[in-house]
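Q: when you get a sec, could you give me coordinates for this:
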Amino acid sequence: MASLNISKNELAELIKKAIVSTLTERSDLLENAVTEAILDMKLGLAIEEGDTGEYLDEKQIIRLISSNHR
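A: Numbers count the residues shown, from 1 in each chain. I've put the predicted structure just below:
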């Protein structure tokens, strides 16, 4: 395989063009990535909000779950 000499600037420009082209042609990729990031942040915030530091033991949890199914 032949080697190709390319400068950092040329490589950076090629990568930039490839990314712009991909995002232009497949905008759904960026949309999905942003959506997933937002959902992850929301889940993290919900976990932090719900973390009171109070914990139940396993028997209490099973009793609560069982009583809600009756």
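Q: show me where this protein dips below the pLDDT cut-off.
A: 1, 69-70 (pLDDT under 70).
Q: try it again with 90
A: Screening the chain residue by residue with the criterion pLDDT under 90, one finds the ranges 1-5, 23, 30, 50-57, 61, 64-70.
Q: how many neighbouring residues does residue 23 have?
A: Residue 23 has 13 neighbouring residues, counting by other Cβ atoms under 10 Å. C-beta: built from backbone N, CA, C; applies to glycine.
Q: give the next helix or strand downstream of the host helix or strand of it.
A: Secondary structure here is read from DSSP states H and E; on that basis residue 23 sits in helix 8-25. From helix 8-25 onward toward the C-terminus, using DSSP H and E, the following helix or strand is helix 27-50.
Q: could you identify the helix or strand that succeeds that next one?
A: The first helix or strand that comes after helix 27-50 along the chain, using DSSP H and E, is helix 58-68.
Q: what residues does that following helix touch?
A: With Cβ atoms under 8 Å, 6 or more residues apart in numbering as the contact definition, helix 58-68 has outside contacts at residue 56.
Q: can I get that helix in CSV, CA atoms only?
A: Presented in CSV, the C-alpha positions along helix 58-68 are these (Å, rounded to 0.1, in the frame of the first residue of the first chain):
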residue,chain,number,x,y,z
GLU,A,58,-35.2,-5.7,51.3
LYS,A,59,-38.1,-6.9,53.4
GLN,A,60,-39.7,-3.5,53.6
ILE,A,61,-39.4,-3.1,49.8
ILE,A,62,-41.0,-6.5,49.2
ARG,A,63,-43.8,-5.7,51.6
LEU,A,64,-44.5,-2.4,49.9
ILE,A,65,-44.4,-3.9,46.4
SER,A,66,-46.7,-6.8,47.5
SER,A,67,-49.2,-4.5,49.1
ASN,A,68,-49.5,-2.4,45.9
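Q: residue 22 and residue 29 touch, don't they?
A: Yes. A contact is recorded between residue 22 and residue 29 when judged using Cβ atoms under 8 Å, the distance being 7.1 Å.
Q: stretch 4-12: end-to-end distance?
A: Terminal residues of stretch 4-12 are spaced 15 Å apart (Cα to Cα, to the nearest Å).
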